[in-house]
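>>> sequence unavailable; structure follows:
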């Protein structure tokens, strides 16, 4: 086993690094679907937004509100595509961060929940104001804010944390030792 296969913080063996493909592609797809279901449930069923308008709002970040809302099904589909691109970017950042901060792999519940909240805050207070949507004209109501941030913690961050940990465990079982022979780790070693 080489130093690159596992990182050791002094408190016993830790996990291998997660696989990029697993964490980024599967993570982006998984959190994209979960967040899409959240959007249709919370904004559509609970708050009464029209389903078409939900993802036209995502396209508004690129096109502006007027063009997105007047674009019909085309901008709705563009919004869904952009939604999955953003989900994949969020998964990519988690993957890259986990390569630098092994705590994200060792503690996926806490790390994932915090990451989901950070991703929400970053999107809403950095990315969206810099997009074609611009700054919010009305203050966000507390119940909506709490629902959105908790939703992102549990439906975006937590799944990414758990998926990255699963990928790292799987990656730790399949590596070659320094002599080049394929080796398998005992689950108790992880």
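Noted; the coordinates are in hand. In this text, all values refer to a predicted model and were calculated from it rather than measured experimentally.

>>> flag the shaky bits of this protein, pLDDT-wise.
For the chain, applying pLDDT under 70 flags the ranges 1-15, 173-190.

>>> in it, which spans are strands?
Secondary structure of the chain by DSSP state E: the strands cover 175-176, 182-183.

>>> now the phi/psi pair for residue 64, please.
phi 90, psi 160 (degrees, to the nearest 10).

>>> residues contacting it?
By CB atoms under 8 Å, 6 or more residues apart in numbering, the residues touching residue 64 are 132-133. Where C-beta positions appear, they are placed from N, C-alpha and C, glycine not excepted.

>>> try residue 117
With CB under 8 Å, 6+ apart as the criterion, the residues that contact residue 117 are 149, 152-153, 157.

>>> for the protein, longest helix please?
helix 72-100 (DSSP state H).

>>> elements contacting it?
Applying 3 or more CB pairs under 8 Å, 6 or more residues apart in numbering; DSSP states H and E, one finds that helix 72-100 makes contact with helix 27-39, helix 51-63, helix 65-70, helix 103-106, helix 108-122, helix 158-173.

>>> for the ones you listed, which one sits closest to residue 137?
helix 65-70 (10.7 Å; CB to CB).

>>> residue 128 against residue 62, yeah?
No. Look at residue 128 against residue 62 with CB atoms under 8 Å: they stay out of range, at 11.5 Å.

>>> what residues of stretch 114-126 count as buried?
Under the neighbour-count criterion of 16 or more other CB atoms under 10 Å, stretch 114-126 has 114-120, 123-124 buried.

>>> and what of stretch 127-141?
128, 133.

>>> ditto for stretch 100-116
102, 104-106, 108, 111-116.

>>> who touches it?
With CB under 8 Å, 6+ apart as the test, stretch 100-116 has contacts from 7, 9, 14-15, 17-18, 94, 97-98, 152-162, 164-165, 168.

>>> mind redoing it with 6 Å?
Contact with stretch 100-116 is made by 7, 14-15, 94, 97-98, 152-153, 156-158, 160-162, 165, 168, as judged by CB atoms under 6 Å, 6 or more residues apart in numbering.

>>> then stretch 24-36?
Here stretch 24-36 makes contact (CB under 6 Å, 6+ apart) with 84, 87-88, 91-92, 95, 155-156, 159-160, 163.

>>> of all those residues, which comes closest to residue 48?
Comparing the contacts of stretch 24-36 against residue 48 with CB to CB places residue 155 closest, at 20.7 Å.
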